[in-house]
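Undergrad: Here is the input, now give the coordinates:
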Amino acid sequence: MLIDCQSHVFVPELIEWMKSHRKQGHPYVYDKGGDTFVVVNDWIRKLQPRHADISAKVADMDAIGIDKSALSINDPGPELFGEDGPAIARLVNDYIADCASRYPGRFFGLCVLPLQNMAAAEQELERCVSKLGMKGILLYSNLAGAFPDEPQFQPLFAYAEKHGVPVLLHPAYPVTYQQTKGYEMAAGLGLMFDTTIALARLILSGTLDRHPRLKLVCPHVGGALPYLVGRIDHQTQVLKRGADHITKAPSEYLRHITLDTVSPISNAIRYGIDFVGVDRMIFSSDHPWVDPKLILSLVKELNLSAQDEEKVLRGNAIRLFGLDV
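TA: Predicted structure coming up:
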């Protein structure tokens, strides 16, 4: 069995909603020349036909031998839609649950929450876990420009602990978009900087001390943090900068976070395994943006033992998400 722990789909109903409900400052969608474009702030991306086609995703899974995928929406998330956020969350979460129902055994859902309204977010998480059978939360690296460690979002982590569901930190429209839009590097660098900053802030804020049972996942092999955390250790432990809310070195917290394999270079995956241990690395592809065949081939290049490869490709995911297989 091969389990893909990061796979996305654009929700057709949300695309149509964004076409017809254009509001000042909200994400929107427009058609031009036979193409569809998704606009989030200054970022314009062309939607590929297969990106909103769940049957195409299943065909791609079958082609490589992926048995089961963690399915979630792509951005934009409900936090960008103001007072419409709770309704948007219900719409997209219902779609993810419907996909899992239409293709039994092939998907398990990760929900998104309207975190601009924490009461609605708690209600939606309860609904998604207890009624829709979802297995985790997709948390964007910034929430309309605010980072998830900020006080207004702290109840989320208690909710996740209460329900025992993992939180997957996923990049959104990056706060460094203006600095990385040159040479079209917003996706290549901006998104990775966003998760790196968000993850470092979650560690330094003491969130992981307050919520020791939190199951936190950082995709893309942790962004840049595994490569920079030694410097942050030195800043906090030697120079005593930014250590007010933590009880141990940042690298020690990082070693208790699960990473995934989405990096198109095997050296990064190897380093991630060396850093957090093979029990905290899960196979993910980031489909449809990345070809799962590429990521699988890079994992195979590592020449892991049969036992360790089994953990990465399926065993760790089964344990982390509590999957019935």
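
Undergrad: was I right about residue 108 contacting residue 135?
TA: Yes: shown here, residue 108 and residue 135 form a contact pair, counting by CB atoms under 8 Å, at 4.5 Å. For the C-beta atoms, the positions are set from N, CA and C on the backbone; glycine is no exception.

Undergrad: Pull the contacting residues for residue 165.
TA: By CB atoms under 8 Å, 6 or more residues apart in numbering, the contact list for residue 165 reads 125, 129, 134, 135, 136, 137, 215.

Undergrad: In PDB, list the C-alpha atoms belonging to stretch 21-38.
TA: C-alpha atoms of stretch 21-38 as PDB (Å, rounded to 0.1, in the frame of the first residue of the first chain):
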ATOM      1  CA  HIS A  21     -19.300  36.700  -5.600                       C
ATOM      2  CA  ARG A  22     -16.400  39.100  -6.300                       C
ATOM      3  CA  LYS A  23     -15.900  41.400  -3.300                       C
ATOM      4  CA  GLN A  24     -13.300  44.000  -2.600                       C
ATOM      5  CA  GLY A  25     -10.200  42.400  -1.200                       C
ATOM      6  CA  HIS A  26     -11.500  38.800  -1.400                       C
ATOM      7  CA  PRO A  27     -10.000  36.100  -3.700                       C
ATOM      8  CA  TYR A  28     -11.800  35.800  -7.000                       C
ATOM      9  CA  VAL A  29     -11.800  33.800 -10.300                       C
ATOM     10  CA  TYR A  30     -12.200  35.000 -13.900                       C
ATOM     11  CA  ASP A  31     -12.200  33.300 -17.300                       C
ATOM     12  CA  LYS A  32     -10.100  34.700 -20.200                       C
ATOM     13  CA  GLY A  33      -9.400  33.100 -23.600                       C
ATOM     14  CA  GLY A  34     -10.700  29.800 -22.500                       C
ATOM     15  CA  ASP A  35      -8.600  29.700 -19.400                       C
ATOM     16  CA  THR A  36      -9.600  30.100 -15.700                       C
ATOM     17  CA  PHE A  37      -7.500  32.200 -13.400                       C
ATOM     18  CA  VAL A  38      -7.500  32.300  -9.600                       C
END
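
Undergrad: distance between that stretch and the chain's centre?
TA: 23 Å (CA atoms, centre = their mean, to the nearest Å).

Undergrad: mind listing what's buried in that stretch?
TA: Across stretch 21-38, burial judged by 16 or more other CB atoms under 10 Å covers 26, 27, 28, 29, 36, 38.
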